[in-house]
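Undergrad: Generate coordinates for the sequence data below:
(chains A and B)
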Amino acid sequence: DAGVIQSPRHEVTEMGQEVTLRCKPISGHDYLFWYRQTMMRGLELLIYFNNNVPIDDSGMPEDRFSAKMPNASFSTLKIQPSEPRDSAVYFCASRSLASGSFTGELFFGEGSRLTVL
Amino acid sequence: AQKITQTQPGMFVQEKEAVTLDCTYDTSDPSYGLFWYKQPSSGEMIFLIYQGSYDQQNATEGRYSLNFQKARKSANLVISASQLGDSAMYFCAMRVSGNNRLAFGKGNQVVVIP
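TA: Residues are numbered from 1 along each chain as shown, chains lettered A, B, ... in the order given. Below you'll find the model as predicted:
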């Protein structure tokens, strides 16, 4: 089975531009998570979905960030307008409800490295 | 709130030696799971090992074992017979029952030297 697929792998953009990151979770997984990784703050959970519904977006830094999951096989994380401090690696991850309430590892994509100039 | 602490500075380990990575956690929930992930320089997050709060025995997966001391709230990762490919960042993480958030520590850097 294919793992979690993210695109683009690398994105370089200029401040003020819109950035869209994409994710395809593992087929059959009920949960999808977006994380951001920086040297200063480590791995932060931005938002997660259950069955395509956003459950917890308390980690989304501000209104410039938005995430959608229109169907079970696709999610986007959008930043508009982007700022240099948004530069980070953004990870998408998924897991199955069947793996248990506190058991069951997250399966991560390879990440999207964003650089905002 | 869940809190994961990894405070060791970067570590150099001789090839074929064992290395222990420290992780302490804080939760008042009796039901939780502890995870370790490896992040090599290529950037991907690789799941290594899991320990449940009710598990009676320490988890083991090949060269990885977890030294779980529940009363001390510690879940140290032991890598035996280190290999050059073990050079990476290692993250400890926790999820409590009923909360889907997997919270990560800041990570431990390991460099294996020949």
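
Undergrad: Could you give the bridge partners of the residue most central in space within chain A?
TA: For chain A, A:Trp34 is the residue whose C-alpha lies nearest the centre (Cα atoms, centre = their mean; 2.7 Å). With DSSP bridges as the criterion, A:Trp34 is bridged to A:Ile47, A:Cys92.

Undergrad: So A:Ser99 versus chain B, what's the distance?
TA: Separation of A:Ser99 from chain B (Cβ to the nearest Cβ, to the nearest Å): 10 Å. The C-beta positions use only the backbone N, C-alpha and C, and glycine is treated the same way.

Undergrad: ok, that residue - how many residues close by?
TA: Residues near A:Ser99, counting by other Cβ atoms under 10 Å in any protein chain shown, number 16.

Undergrad: Just give the closest residue to it, not the sequence neighbours.
TA: Leaving aside its chain neighbours, A:Ser99 sits nearest to A:Glu105 (7.6 Å; criterion: Cβ to Cβ, 6 or more residues apart in numbering or on different chains).

Undergrad: sec struct for that neighbour, please.
TA: Here A:Glu105 takes the coil state, with states given by DSSP: H, G, I helix; E, B strand; the rest coil.

Undergrad: That one contacts B:Trp36, correct?
TA: No - between A:Glu105 and B:Trp36 there is no contact, the gap being 9.7 Å when judged by Cβ atoms under 8 Å.

Undergrad: okay, those two: which has more neighbours?
TA: Taking neighbours as other Cβ under 10 Å, A:Glu105 and B:Trp36 compare with B:Trp36 leading, 27 against 21.

Undergrad: what's near enough to touch the residue nearest to the centre of chain A?
TA: A:Cys23, A:Leu45, A:Leu46, A:Ile47, A:Tyr48, A:Ala67, A:Ser75, A:Leu77, A:Tyr90, A:Phe91, A:Cys92 (Cβ atoms under 8 Å, 6 or more residues apart in numbering or on different chains).

Undergrad: and which of those is nearest to B:Ser87?
TA: A:Phe91 (20.6 Å; Cβ to Cβ).

Undergrad: Would you mind measuring from the closest residue to that closest one other than its chain neighbours to A:Glu44?
TA: Leaving out its chain neighbours, the residue that sits closest to A:Phe91 by Cβ to Cβ, 6+ apart is A:Tyr35, at 4.4 Å. For A:Tyr35, the distance to A:Glu44 (Cβ to Cβ, to the nearest Å) stands at 6 Å.

Undergrad: now swap in A:Gly16 and tell me
TA: 23 Å.

Undergrad: more crowded one of these two?
TA: For A:Gly16 and A:Glu44, the more surrounded residue by other Cβ under 10 Å is A:Glu44, and the numbers stand at 16 against 10.

Undergrad: If I follow the layout properly, the more buried one ends up in contact with A:Arg36?
TA: Yes - here A:Glu44 reaches A:Arg36: they are 5.1 Å apart, a contact under Cβ under 8 Å.

Undergrad: Where do the strands of chain B begin and end?
TA: B:3-5, B:11-14, B:19-21, B:24-26, B:32-39, B:46-52, B:60-61, B:64-69, B:74-79, B:88-96, B:103-104, B:108-113 (DSSP state E).

Undergrad: Could you export those as CSV, including mean pLDDT and distance to A:Gly3?
TA: Below are the strands of chain B laid out as CSV (pLDDT from 0 to 100; distance: least, Cβ to Cβ, whole Å):
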stretch, mean pLDDT, distance to A:Gly3
strand B:3-5, 93, 25
strand B:11-14, 96, 29
strand B:19-21, 97, 25
strand B:24-26, 96, 27
strand B:32-39, 96, 14
strand B:46-52, 95, 11
strand B:60-61, 96, 19
strand B:64-69, 97, 20
strand B:74-79, 97, 23
strand B:88-96, 95, 18
strand B:103-104, 94, 19
strand B:108-113, 96, 24
